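Student: A predicted structure for the sequence below; I have some questions about it.
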Amino acid sequence: MITRVKVGDIDVQCGLLIGPREVQAKTPFLAGNDWLQNMTISFFNRTNKTIVYGAILLNFPELSDPTTQPVVQYAIRLGRIPESVAFDGRTGKPLRQNDRTLLTFAPGQSLEIHLSDHITGIRGTIEHASGSFAVSNVVIHYGNFIFEDGMGWGGGCYQHQSPERPGVWRCVPERDYFPGDMRSNWPPHVDRVQ
């Protein structure tokens, strides 16, 4: 779960889940032109499984006209997909991921992503879409996450890869499945982030 978004020293109120049925208000804030590269997104692994791969999607809605083109998006990919499930969903062939750094995001652990570490790619995506690096908002989404045992999470459900079609993921049949104790580390607390 995302537990905090900061820009420099400012805790951004941006619609995070803060209770079972409580969502934080969205509050605009004043920032300089370097606000995006000064952003830090904090995560907490509340499952009982170690995450070895994850994708965070940054959408820039003001750069897109949804009626004529898809939303401008930059994906931050962390870690490596386990070889047992590292297949292309269209071709079924193994994925190449030689240059990916290992990730070990253990249960109960916090993780911070500093956008400054990814700013070259983010800047390139924004400038390609608009001709400049000027944006005033970003929407943060979860992409797919994969645990060390090959189970995944994405599209709002926990998933296993189809044995008949390598690279194709299927939701687990139990709609309320959660890896671990669903009550553990709930409701979320921002002060838990280290």
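Tutor: Yes, it's here.

Student: next one: stretch 56-67 to chain centre, how far?
Tutor: 15 Å (C-alpha atoms, centre = their mean, to the nearest Å).

Student: state the distance from the residue in the chain sticking out farthest from the centre to N137.
Tutor: Largest separation from the mean C-alpha position in the chain: E164, at 27.9 Å (C-alpha atoms, centre = their mean). Distance of E164 to N137, given as C-beta to C-beta, to the nearest Å: 42 Å. C-beta: built from backbone N, CA, C; applies to glycine.

Student: same question, G108
Tutor: On the measure of C-beta to C-beta, G108 and N137 end up 32 Å apart.

Student: now do the strands in this structure.
Tutor: 2-7, 10-11, 17-19, 22-23, 39-44, 51-60, 72-79, 110-114, 139-147, 152-154, 157-161, 169-171 (DSSP state E).

Student: neighbouring strands - and their directions - for the third one?
Tutor: Note on strand 17-19: by DSSP bridges, its sheet partners are strand 22-23 (antiparallel).

Student: pLDDT on the partner strand, on average?
Tutor: Average pLDDT, strand 22-23: 79.

Student: chain center to it: distance?
Tutor: For strand 22-23, the distance to the chain centre is 19 Å (C-alpha atoms, centre = their mean).

Student: could you number the chain from 614 rather than 1 from now on?
Tutor: In the new count, where the first residue is 614, that last one comes out as strand 635-636.

Student: still on that earlier bit, what's the residue farthest from the centre of the chain sitting at in phi/psi?
Tutor: phi -80, psi -30 (degrees, to the nearest 10).

Student: give me the pLDDT value at it.
Tutor: So E777 comes in at 90 (pLDDT).
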